[in-house]
Every structure is written in C-alpha cells, then in structure tokens.
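Asks: model the structure of this input:
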Amino acid sequence: MGHIAVLSNPRAGKGRGGRVTDTAVAQLQRRGARVRLYSGDSAAATAALATTALAEGPDGLVVIGGDGTLSGILDVLCAATVPITLVPAGTGNDLARALDLPWRDAAAAAELALTGTPRSIDVGEVETPSGRAPFLTVVALGFDARVSDRTNRLRWPSGALRYYLALLIELVRLRPFDFTVTIDDGAPTTAPGTIVAVGNTASYGGGMPVCVGALPDDGRLDVVRVAALGRARLVRLFPLLLRGTHLTRPEVRHASAHRVTVAAPGLVVYADGERLGEGTCTVSLRAGALTVMTRPKTGDVRVR
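Replies: The predicted structure follows:
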C-alpha cells in the first residue's frame with residue numbers, strides 16, 4: 001500500500017469533521033496504507049497544509065470536509081498530479097451527491113483512495129469585484145443567496161431553525177431583482193426575477209436540485225432563472241425545487257452555457273455555501289481540471 005496524505009478540517013459539519021477523520025484514518029490504516037494526517041482549523045491553515053502534504057509526494061490525497069473545505073483549496077488541488085479522494089463531512093455535501101460518493105459512510109468514502117476510479121471533473125470560476133474564486137457546485141444569486149447571507153448573520157437559533165428563520169425574514173422582505181444576464185456571446189437581457197442559479201452540478205443546500213440535470217464533467221454550466229414571484233407563488237414553487245420538477249414551469253427558464261455574466265442592484269454571490277462578492281459576477285469553467293476518486297464501475301476493480 002502507498003502513502004496516503006489525509007487533510008482534515010475538524011470543524012467541518014459543525015464538528016463532524018473530527019469524528020469522520022478518526023473513522024477514515026482507521027479504515028486506511030486497517031487496509032495497510034501509510035497515512036500522514038494534516039489537520040487545519042482555518043481556511044488559511046488548510047490551504048497551507050494542502051501544499052505541504054502534496055510536497056511530500058503522496059500516492060493520493062484524502063480531503064475530509066465539506067464543499068467549502070474543498071473549494072477553498074481548489075487552486076492547490078488542481079495543480080497536483082495525484083487524485084483527490086473526498087470524504088464528506090460538511091452540512092450539505094452536494095459534490096459528494098453529484099459524484100455518487102458514500103456521503104454517509106466515512107470508511108467507504110476513504111476506501112475509494114485505494115480502490116476507486118479516477119474521474120476528471122470541471123471546476124467553475126467566479127469573478128466578482130472582490131476577486132476570483134473557484135467553485136464546484138452551484139453559484140446562487142438572488143433570493144436563495146440572500147437567505148444564505150441572512151443565515152450566516154443570525155446568531156440565534158441554532159441548526160436548521162436558523163435557516164428557517166432566515167427564510168421567513170427574507171420572504172417578508174421579498175423584492176424582485178432587476179437581473180441583467182449575458183450568456184456566452186449573446187446580448188444582455190434584463191428582466192425582473194427571483195432567483196438565478198448557475199450550476200456545475202445539480203444541487204445546493206444539501207440536495208435541492210435547482211440545476212437538475214447538470215453534470216460535473218460535461219464542460220457546460222446550467223443556468224436556471226426564476227421569474228419575479230410573489231410570496232405565495234414562491235412558497236408553492238419550493239416543493240417542486242426539492243423534487244427537481246420545476247424546470248417545466250412557465251416561470252422557470254433553463255439554458256446551457258460556457259460563460260455567464262449576471263448583474264443586479266443588491267446582488268449577493270454565493271458558491272459552495274461561501275459568500276464571494278456582490279453586485280456582479282462572471283461564471284466560467286475549467287473543463288476536467290480536477291481528478292477525484294469515485295466508486296469503481298461495474299467490473300472495474302482497483303486495489304493498491
């Protein structure tokens with residue numbers, strides 16, 4: 001068995017990262033791997049440790065954390081020549097869902113570092129006036145981004161109740177955005193709307209498939225726009241969003257693109273659960289930029 005570097009964010013998933021790390025490391029050691037553990041308690045520390053871990057020349061790198069943990073070190077990971085194994089430990093784990101990783105079984109997820117199949121996936125990029133940032137799942141713009149922003153600013157209550165309170169507050173404050181959207185080399189279009197979501201994968205928020213059908217390795221972005229809605233109609237749309245059946249609704253538009261620019265007064269930009277900027281953003285892709293270990297295909301058995 002080879003040398004496996006394990007990069008852990010123990011604070012991921014409100015502390016779940018520490019427990020998941022113990023399980024993942026134990027599984028790798030049980031299988032005979034030589035494990036080196038790197039544990040960072042901040043974004044800056046995690047990025048520095050990723051560079052250190054890769055400089056040691058491991059046969060694989062296991063990253064334990066959520067979508068935000070992974071997106072925070074994407075520039076380092078994309079420059080690496082070793083495959084990445086994600087052991088999900090976040091609150092949403094939407095990339096793991098998109099790749100059909102064992103997002104509820106840390107031992108099975110860690111096992112993929114030894115027996116998985118490499119898969120090249122696309123990495124998104126968001127440019128805002130605040131700078132450039134990579135992402136993996138969905139860029140949220142509009143009402144959904146404001147709910148995330150409100151959730152992060154609330155100090156009470158805890159857990160899911162904080163999200164529901166934020167949702168209620170933003171529903172009371174609901175106002176349409178004047179979105180200006182430019183897709184590829186097309187002409188800008190301006191229209192009032194409630195949500196614009198740009199997806200490299202299908203879901204955000206722990207499994208809500210807003211960009212249902214989006215694939216992380218097709219070299220395309222999926223763009224979903226929801227027209228301006230009142231509170232009652234928006235509430236009625238949410239069950240459809242949860243089931244992924246909203247794209248057929250007349251108030252929803254769906255397009256495919258390589259590059260998307262979105263601007264609106266009061267726009268807040270979120271991706272992989274992190275606030276990236278405001279006002280305007282341009283979203284693009286780096287096709288096949290990251291290699292991730294996934295479940296073996298039928299008949300494809302790999303053992304290191």
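Asks: hey, let's count contacts and neighbours off CA atoms from now on
Replies: Will do.
Asks: quick check: longest strand of the protein.
Replies: For the chain, the strand with the greatest residue count under DSSP state E is strand 274-294.
Asks: give the buried residues for it.
Replies: 274-278, 280-294 (16 or more other Cα atoms under 10 Å).
Asks: kindly report the same for stretch 241-249.
Replies: Residues 241, 244, 246-247 are the ones in stretch 241-249 that count as buried (16+ other Cα under 10 Å).
Asks: CSV for these, including secondary structure, distance to C78 and pLDDT?
Replies: As requested, those are arranged in CSV below (DSSP: H, G, I helix; E, B strand; the rest coil; distance: Cα to Cα, whole Å; pLDDT from 0 to 100):
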residue, secondary structure, distance to C78, pLDDT
L241, helix, 32, 89
G244, coil, 31, 94
H246, coil, 34, 96
L247, coil, 33, 96
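Asks: out of those, who's nearest T151?
Replies: The closest of those to T151 turns out to be L241 (Cα to Cα; 19.6 Å).
Asks: tell me the mean pLDDT over the helix or strand harbouring R97?
Replies: With elements taken from DSSP states H and E, the one containing R97 is helix 94-98. For helix 94-98, mean pLDDT rounds to 94.
Asks: and it, how far from the chain's centre?
Replies: 8 Å (Cα atoms, centre = their mean, to the nearest Å).
Asks: tell me which strands and helices whatever helix or strand comes next after it is in contact with?
Replies: Next along the chain after helix 94-98, taking DSSP H and E as the criterion, comes helix 106-115. Where contact means 3 or more Cα pairs under 8 Å, 6 or more residues apart in numbering; DSSP states H and E, helix 106-115 is packed against helix 12-30, strand 60-65, strand 84-88, strand 274-294.
Asks: contacts for the third one, please.
Replies: Taking contacts as Cα atoms under 8 Å, 6 or more residues apart in numbering, the residues outside strand 84-88 that touch it are 20, 24, 60-66, 77, 96, 102-104, 106, 109-110, 112-113, 290-294.
Asks: drop anything exposed from the residues you listed.
Replies: 20, 24, 60-66, 77, 96, 102-103, 106, 109-110, 112-113, 290-294.
Asks: just to revisit the earlier point, closest to P209 out of the buried residues of stretch 241-249?
Replies: Using Cα to Cα, those come closest to P209 at G244, 5.3 Å.
Asks: so the closest one touches P209, yeah?
Replies: Yes: using Cα atoms under 8 Å, G244 and P209 qualify as a contacting pair, with a distance of 5.3 Å.
Asks: just confirm F238 is within a strand.
Replies: No: secondary structure of F238 (DSSP: H, G, I helix; E, B strand; the rest coil): helix, not part of a strand.
Asks: gap between it and D222?
Replies: Using Cα to Cα, to the nearest Å, we find F238 at a distance of 19 Å from D222.
Asks: so those two - more neighbours on which side?
Replies: More crowded of F238 and D222, by other Cα atoms under 10 Å: D222, with 24 against 14.
Asks: pretty sure that one contacts A214?
Replies: Yes: in this structure D222 lies within contact range of A214 using Cα under 8 Å: 5.9 Å.
Asks: common neighbours of those two, please.
Replies: Going by Cα under 8 Å, 6+ apart, residues that sit against D222 and also against A214 are 199-200.
Asks: could you count how many residues lie near the residue nearest to V223 when sequence neighbours are not counted?
Replies: Of all residues not flanking V223 in the chain, V198 sits nearest, at 4.6 Å (Cα to Cα, 6 or more residues apart in numbering). When neighbours are defined as other Cα under 10 Å, V198 has 31 of them.
Asks: likewise for D41?
Replies: 12.
Asks: can you confirm S148 is in a strand?
Replies: No: going by three-state DSSP, the assignment for S148 is helix, not a strand.
Asks: ok, it - contacts?
Replies: 163, 166, 270, 273.
Asks: unless I'm mixing things up, the first one is touching V147, no?
Replies: Yes: with contacts counted by Cα under 8 Å, Y163 reaches V147, the gap being 7.4 Å.
Asks: show me where pLDDT drops low in this structure?
Replies: Low-confidence segments of the chain (pLDDT under 70): 1, 12-15, 159-160, 298-304.
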